[in-house]
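Q: Just need the structure, nothing else, for what follows:
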Amino acid sequence: MPKRRAQGEGTLSYHKARKRWIYLLPADETGKRQQVSGKTQAEVLAKAEELKAKRAEGLDLDTKQPTIKQFSETWLRDVVKRTRRPSTHASYEQMFHLYINPKIGKIQLDKLTAARVQGWINMLVDAGNSPATVRNAYQRLRSMLDVGVRYRLISANPAKDVDLPPLTNDRAQVLSLKEARLVLITADGKRDLRKPYKTKNGRTKGLPKLSSRYALLYHLLLALGLRRGEGLGLRWEGVDWEAGTLQVRHQVQQINGKVVVSDYTKTDAGRRTLPIPPALLARLRAHWQNQQEERTLMGAGWNERNLIFPTETGSPVSPSNILRHFRLLLTCAGLEHIRLHDLRHTCATLLGERTSDRVIAAILGHTPGTVTARYAKVTLPQMREAIEALYLELTGAD
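A: Sure, this is the predicted structure:
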């Protein structure tokens with residue numbers, strides 16, 4: 001027979017056949033009664049107190065607790081995929097696949113503690129992952145757990161009270177003006193420091209010539225501070241030949257192995273109109289003429305996307321192909337290898353010697369950091385003056 005307890009405390013009993021103690025909680029507002037069991041009175045009473053605390057916090061006791069992996073699949077499908085860009089969803093999905101679920105994916109959501117999260121972080125660091133990668137994975141996990149709190153599956157986010165590896169400030173590398181000039185000279189096919197090699201037969205052969213197909217792209221990246229995807233996503237309808245301006249409205253991305261052109265940029269401020277220096281506009285006209293000839297030669301095989309920098313068939317260029325081309329370009333130029341994104345940092349740094357931070361932010365497409373900056377708009381002439389001065393120095397023109 002169950003022992004009597006005070007009203008509202010629940011019922012404690014011993015099941016002889018199962019040889020287990022059972023605690024039946026009082027009915028909740030819906031009339032349901034949860035129960036817990038254990039081998040000893042102390043064990044079952046501890047479980048009962050934990051269950052009461054969860055009920056007091058309003059947690060959903062009827063839903064079976066999912067594992068980290070199970071809940072991540074739900075979160076990615078029902079939250080991230082519906083509220084974020086496809087590229088963001090793909091990157092989050094990859095982060096869970098590579099760094100989170102293989103390590104802690106089998107742990108139930110309510111069993112994840114701050115100590116376990118800290119242990120997972122330490123494992124990633126010990127495995128040689130960069131602080132930036134570890135922090136990125138941590139932020140994805142923490143965001144998912146915040147949703148778990150909102151869904152009342154857990155009472156608190158266990159990822160909040162942990163220590164993260166410090167970030168280093170050596171990722172961004174900036175070229176000097178002289179080095180930036182060398183990049184453009186090499187892209188134009190006027191410099192190649194690679195040495196010939198000898199075949200097995202003892203014959204001396206030169207290496208294949210660096211393609212200058214993307215020379216104009218490097219000019220735009222350095223002069224306008226474009227992101228890689230923005231540069232590859234430029235379209236001819238965004239060029240105003242009379243006004244000498246270029247619209248940044250699209251970007252090329254690689255999502256789940258597929259190259260796509262997206263009708264948005266990284267931020268709202270990224271949708272911008274930039275002035276083109278006269279010398280750069282002349283290069284753009286020549287590039288357009290070359291593309292018309294290429295289109296004519298391809299005939300029906302041309303895949304018209306109206307892109308300024310397409311492949312030989314008119315399709316979007318894979319961002320990874322540009323990275324390979326850039327690495328080869330740096331070798332030909334005799335420069336140390338840097339990230340392609342560092343050309344954007346270089347542009348910002350060189351502009352910093354010539355104009356204000358507000359003008360630089362407008363050129364790069366950064367969101368204004370203050371209310372004043374949001375109201376005080378940068379004008380096209382202000383940007384034109386800075387960009388033209390920079391491009392004159394980049395190309396060595398008088």
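
Q: can we go C-alpha only for contacts and neighbour counts from here?
A: Will do.

Q: what ranges do the helices span in the stretch 251-398 of the chain?
A: Here the stretch 251-398 of the chain has its helices, by DSSP state H, counting those that start in this stretch, at 278-298, 319-333, 342-352, 357-364, 371-375, 380-394.

Q: ok, the nearest residue to Val162 once chain neighbours are set aside to Leu167 distance?
A: Using CA to CA, 6 or more residues apart in numbering and skipping the chain neighbours, the partner closest in space to Val162 is Gln118 (5.7 Å). To Leu167, Gln118 is 17 Å away according to CA to CA, to the nearest Å.

Q: mind giving me the domain ranges of this protein?
A: 11-56, 68-150, 177-394 (automatic domain parsing).

Q: Tabulate those (a markdown table), appending distance to Ala159, mean pLDDT and mean neighbour count.
A: What follows is the domains of the chain, written out as a markdown table (distance: least, CA to CA, whole Å; pLDDT from 0 to 100; neighbours: other CA atoms under 10 Å):
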| stretch | distance to Ala159 | mean pLDDT | mean neighbour count |
| --- | --- | --- | --- |
| domain 11-56 | 19 | 72 | 15 |
| domain 68-150 | 6 | 92 | 17 |
| domain 177-394 | 27 | 91 | 17 |
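
Q: all helices of the stretch 1-150 of the chain, in order?
A: Using DSSP H, counting those that start in this stretch, helices in the stretch 1-150 of the chain cover 41-56, 68-75, 81-83, 86-95, 101-104, 114-126, 131-150.

Q: Please compute how far the shortest one lies from its chain's middle.
A: To tie it back to what came earlier, the one meant is helix 81-83. 15 Å (CA atoms, centre = their mean, to the nearest Å).

Q: before we move on, the earlier item: distance to Ile387 added to the helices of the stretch 1-150 of the chain, as TSV?
A: TSV is the format used below for these (distance: least, CA to CA, whole Å):
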stretch	distance to Ile387
helix 41-56	60
helix 68-75	44
helix 81-83	36
helix 86-95	31
helix 101-104	47
helix 114-126	42
helix 131-150	32
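
Q: what about Val183, which SS state?
A: Put simply, Val183 is helix when judged by DSSP: H, G, I helix; E, B strand; the rest coil.

Q: closest to Leu364 out of the helices of the stretch 1-150 of the chain?
A: Closest approach to Leu364 among the helices of the stretch 1-150 of the chain (CA to CA): helix 86-95, 20.8 Å.

Q: picking up where we left off before, redo the helices of the stretch 251-398 of the chain as a markdown table? Include distance to Arg249.
A: Converted to a markdown table, the helices of the stretch 251-398 of the chain look like this (distance: least, CA to CA, whole Å):
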| stretch | distance to Arg249 |
| --- | --- |
| helix 278-298 | 18 |
| helix 319-333 | 17 |
| helix 342-352 | 17 |
| helix 357-364 | 13 |
| helix 371-375 | 20 |
| helix 380-394 | 17 |
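
Q: Met95 versus the residue nearest to Val162, what's the distance?
A: For Gln118, the distance to Met95 - CA to CA - is 17 Å.

Q: Could I get the contacting residues of Leu76?
A: With contact set as CA atoms under 8 Å, 6 or more residues apart in numbering, Leu76 has these partners: His89, Tyr92, Glu93.

Q: Touching, Cys347 and His219? I think so.
A: No - applying CA atoms under 8 Å as the test, Cys347 and His219 come out as separate, 10.6 Å apart.

Q: And Asp110, how far from Pro158?
A: Counting by CA to CA, the gap from Asp110 to Pro158 is 9 Å.

Q: correction: Gln94
A: From Gln94 to Pro158 the distance is 22 Å (CA to CA).

Q: Same check on Lys377?
A: Distance from Lys377 to Pro158, by CA to CA: 43 Å.

Q: ditto for Lys106
A: 16 Å.

Q: Could you do Leu207 as well?
A: 56 Å.

Q: circling back: I'd like the domains of the chain as TSV, with distance to Asp163 appended.
A: Shown next, in TSV, are these (distance: least, CA to CA, whole Å):
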stretch	distance to Asp163
domain 11-56	27
domain 68-150	7
domain 177-394	28
